[in-house]
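K.L.:
please find the sequence and the predicted model below.
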Amino acid sequence: MADVSDLKIQEAYLDVRSDKSDTNWLLLDYQSDRSDRLVLTQTGTGGLSELQSQREKFILVVWIGSGCKILRKAKISVHTADVKEVLRVYSIEVAARERDDLKEDPIVGRLRKAGGASYDGI
């Protein structure tokens, strides 16, 4: 089980969800290579800035890079469920293994489909 007890994670999540904040993303990482404890490493206001919708959309990105060891990969798949207990509301989940998995156009297309209001044939 992942340790997602760091209060900074919940605070950052609420900040991302708040209409009073410009923060629109947060990044979690393991405290160390051998730890199951997740910590908040960054927040920001950039991100997928090109979204053309009035509706708020949230994306959960699960990054498992090519340098990730096999045992850690297995734990990440289990720990993702624990993270979802804290970051409960999101429109889509993106499993990213390489930078190309984070290209904006395909993600925006998936968001439009998930919203159920895609009238432009995407």
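P.N.:
Sure, I can see it.

K.L.:
can you list the low-confidence ranges for this structure?
P.N.:
Counting by pLDDT under 70, the chain has low-confidence residues at 47-57, 116-122.

K.L.:
show me where it has its strands.
P.N.:
Assigned by DSSP state E, the chain shows strands spanning 25-30, 38-44, 59-63, 92-96.

K.L.:
pull out the buried residues from stretch 28-39.
P.N.:
For stretch 28-39, burial by neighbour count (16 or more other CB atoms under 10 Å) applies to Leu28, Tyr30, Asp36, Leu38, Val39. For every residue, glycine as well, the C-beta is placed using N, CA and C.

K.L.:
against Pro106, how distant is the fourth one?
P.N.:
Separation of Leu38 from Pro106 (CB to CB, to the nearest Å): 26 Å.

K.L.:
got a markdown table for the strands of the chain, with distance to Ser18 too?
P.N.:
A markdown table is the format used below for the strands of the chain (distance: least, CB to CB, whole Å):
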| stretch | distance to Ser18 |
| --- | --- |
| strand 25-30 | 12 |
| strand 38-44 | 12 |
| strand 59-63 | 17 |
| strand 92-96 | 21 |
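
K.L.:
which of the ones you listed sits closest to Gln10?
P.N.:
Judged by CB to CB, the one of the strands of the chain that comes nearest to Gln10 is strand 38-44, at 9.3 Å.

K.L.:
contacts for the closest one, please.
P.N.:
Contacts of strand 38-44 with the rest of the structure, by CB atoms under 8 Å, 6 or more residues apart in numbering, involve 2-4, 6, 8-9, 12, 15-16, 23-31, 79, 82-83.

K.L.:
stretch 7-21 now?
P.N.:
For stretch 7-21, the surrounding residues in contact (CB under 8 Å, 6+ apart) are 23-26, 28, 38-40, 43, 58, 86-87, 89.

K.L.:
out of the residues you listed, which comes closest to Lys75?
P.N.:
Lys75 lies nearest to Leu38 out of the contacts of stretch 7-21, by CB to CB, at 10.9 Å.

K.L.:
buried ones among the contacts of stretch 7-21?
P.N.:
Among the contacts of stretch 7-21, those classed as buried by 16+ other CB under 10 Å are Thr23, Asn24, Trp25, Leu26, Leu28, Leu38, Val39, Leu40, Thr43, Phe58, Val86, Leu87.
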